[in-house]
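Visitor: Build the 3D model from these lines:
(chains A and B)
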Amino acid sequence: DTAVSQTPKYLVTQMGNDKSIKCEQNLGHDTMYWYKQDSKKFLKIMFSYNNKELIINETVPNRFSPKSPDKAHLNLHINSLELGDSAVYFCASRSSGNTIYFGEGSWLTVV
Amino acid sequence: DAKTTQPTSMDCAEGRAANLPCNHSTISGNEYVYWYRQIHSQGPQYIIHGLKNNETNEMASLIITEDRKSSTLILPHATLRDTAVYYCIVRVEEYGNKLVFGAGTILRVKS
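Guide: As a prediction, this is how the structure comes out:
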């Protein structure tokens, strides 16, 4: 079973659209994250939630809105998509031992 | 979090040990050294971490110098599947802690 699963894996959409990426972890962890990896391959943290509460927000445009309906899910909604939003988005969760487990990524292409 | 310095890339022959260095000269006493890797088109994968003692697990060994200003990740018998970007990260263990990724080292294992 996949520990951290993201859907969709690939997403191609037009500028100006609104889209969501879903993430679920079956590890029982309290803390989840969203990371963005751009074309230059740098991984940057966007958000972190602990038990459904936002604890890290790394100066991300407010077009990006994370939502955590419960501690096993952290979804990412993006409004008014721009070309620069094209990237790979990784969801992750953190164990009590502070190891972070990543999902396989969601490839977003904005055209 | 302290900054880390890693070589941009390294080559290793299949079956030989791969030794990946990392400098973290500004590390403070309560910062851990973490290693992750990212195989092409996959999410980052946890490898190992340590504070000051050397550590070993089924994937690798971590050697931390006595002054803690540098460390070496050792893959004892590298295989082609170990070709990946390897990230050395130092991090304080704290509530909501996050991983800050640098550029990492591209390890190419060659037959």
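Visitor: what's near enough to touch the closest residue to chain B within chain A?
Guide: Ranked by CB to the nearest CB, the top residue of chain A for proximity to chain B is residue A:102, at 3.4 Å. In short, each C-beta sits where N, CA and C put it, glycine included. Residue A:102 sits next to A:4, A:35, A:90, A:91, A:92, B:43, B:44, B:45 when contact means CB atoms under 8 Å, 6 or more residues apart in numbering or on different chains.
Visitor: would you turn these into JSON lines with pLDDT and neighbour count?
Guide: JSON lines is the format used below for the contacts of residue A:102 (pLDDT from 0 to 100; neighbours: other CB atoms under 10 Å in any protein chain shown):
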{"residue": "A:4", "pLDDT": "96", "neighbour count": "23"}
{"residue": "A:35", "pLDDT": "95", "neighbour count": "27"}
{"residue": "A:90", "pLDDT": "97", "neighbour count": "26"}
{"residue": "A:91", "pLDDT": "97", "neighbour count": "27"}
{"residue": "A:92", "pLDDT": "95", "neighbour count": "25"}
{"residue": "B:43", "pLDDT": "94", "neighbour count": "21"}
{"residue": "B:44", "pLDDT": "95", "neighbour count": "26"}
{"residue": "B:45", "pLDDT": "95", "neighbour count": "14"}
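Visitor: Tabulate those residues (TSV), appending distance to residue A:47 and secondary structure.
Guide: Output for the contacts of residue A:102, formatted as TSV (distance: CB to CB, whole Å; DSSP: H, G, I helix; E, B strand; the rest coil):
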residue	distance to residue A:47	secondary structure
A:4	15	strand
A:35	9	strand
A:90	12	strand
A:91	10	strand
A:92	11	strand
B:43	16	coil
B:44	17	coil
B:45	21	strand
